[in-house]
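Participant: Could you work out the structure for the sequence below:
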Amino acid sequence: MENLFDAAESCLSACEIKEKLQLTQQTAQAWRDGLLSLESKSAPKLIDEPGYPEKPILVSAGDVPKRRLGSPEGLAALIHAVTHIEFNAINLAWDTVYRFRDLPQQFYSDWVQIAIEEAYHFQLLRQRLNELNSDYGDLPAHNGLWDMAKRTAFDPLVRMALVPRVLEARGLDVTPGIIERLRQAGDDRTIAVLEIILRDEMGHVTIGSHWFKYLCQQRKLDSEQLFRELINQYFTGRICGPFHYEARQRAGFSAAELSALEHLCHTR
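Facilitator: Next up is the predicted model:
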């Protein structure tokens, strides 16, 4: 029987968009059908770069086109940026499955489902770009999400703390405001896509919170104190508010963690 880790590596290394999406669907279905084991004789390799298409060209964050919603070009730039985040999120989900071994079966089921949902988001956003006479790859993009994947590759606890609960959770804060601005502009098509993504991202952050706390419990660590320490140690970017308290609490953040984020927002 093929194992899930080799299948995840194939998804991760696929460069062509169509192939990555097809492998994602096939691997998820095989996992659900019980056709993939959790037995592997090979240890995970450090992957410096996952499979990417030739475009978009990757640049530093400061060189990515500005995303102002007041024009069709600005809207396309915004959607392109989110599309790139979702493409990276497919890779990151498969890397999480591939890299971290000897965890409960539900951990892998959760992250396979996340990979499927990120692929769906990517397809929805790409379709919206096409409706705007644009496509994924037409604009440059940056690689910040994968940089964090490399920084957290050594420990699933650190990955759960910093990817779902810091990077992805930021979407819970900012997406409602973007949706409101699009509503004022009458862009119901983009709103519909972002509302699907916001709903699913709430689930992803909740999953990250669950497994972060589970791993802390397994190691007899204080999750609230450790969350603050890991941000200080591994997250080099700015912690930006305002925070959507209700959404973050529903996704597993404690009052103490939200207070710590507020403190970091004003001191870093």
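Participant: can you give me the helices in the stretch 101-250 of the chain?
Facilitator: Under the criterion DSSP state H, counting those that start in this stretch, helices of the stretch 101-250 of the chain are mapped to 105-131, 144-151, 156-162, 170-184, 188-218, 223-234, 245-250.
Participant: Low-confidence bits of the protein, can you list those?
Facilitator: Applying pLDDT under 70 to the chain picks out residues 1, 65-67, 268.
Participant: Report the central residue of it.
Facilitator: Central residue of the chain (CA atoms, centre = their mean): Ala89, 3.9 Å from the mean position.
Participant: Check the gap between it and Ile231 for me.
Facilitator: Separation of Ala89 from Ile231 (CB to CB, to the nearest Å): 20 Å. Every C-beta, even on glycine, is put in place using the N, C-alpha and C of the backbone.
Participant: And for Ile47?
Facilitator: From Ile47 across to Ile231, the span is 24 Å (CB to CB).
Participant: And for Leu78?
Facilitator: 27 Å.
Participant: And Asp173, by the same measure?
Facilitator: The gap separating Asp173 from Ile231 is 15 Å, by CB to CB.
Participant: With Leu258 instead?
Facilitator: Distance, Leu258 to Ile231, using CB to CB: 13 Å.
Participant: The two: who's more crowded?
Facilitator: Neighbour count, other CB atoms under 10 Å: between Leu258 and Ile231, Ile231 has more, with 21 against 15.
Participant: Phe103 is in contact with Asp155, isn't it?
Facilitator: Rather than Phe, residue 103 is Leu. No: Leu103 is not in contact with Asp155 according to CB atoms under 8 Å; the separation is 11.8 Å.
Participant: the more surrounded of these two?
Facilitator: Comparing Leu103 with Asp155 by other CB under 10 Å, the one with more neighbours is Leu103, at 18 against 13.
Participant: Spatially nearest residue to that one, not counting backbone neighbours?
Facilitator: Of all residues not flanking Leu103 in the chain, Pro156 sits nearest, at 6.7 Å (CB to CB, 6 or more residues apart in numbering).
Participant: give me the number of residues near that neighbour?
Facilitator: Burial measure for Pro156: 21 neighbouring residues, criterion other CB under 10 Å.
Participant: That one touches Thr96, doesn't it?
Facilitator: Yes: counting by CB under 8 Å, Pro156 touches Thr96, with 7.4 Å between them.
Participant: ok, now which ones touch the nearest residue to Leu139 once chain neighbours are set aside?
Facilitator: Leaving aside its sequence neighbours, Leu139 sits nearest to His80 (CB to CB, 6+ apart; 4.7 Å). His80 makes contact with 56, 65, 129, 134, 136, 138-139, 141, according to CB atoms under 8 Å, 6 or more residues apart in numbering.
Participant: what's the closest of the residues you listed to Ser37?
Facilitator: Comparing those against Ser37 with CB to CB places Tyr136 closest, at 33.9 Å.
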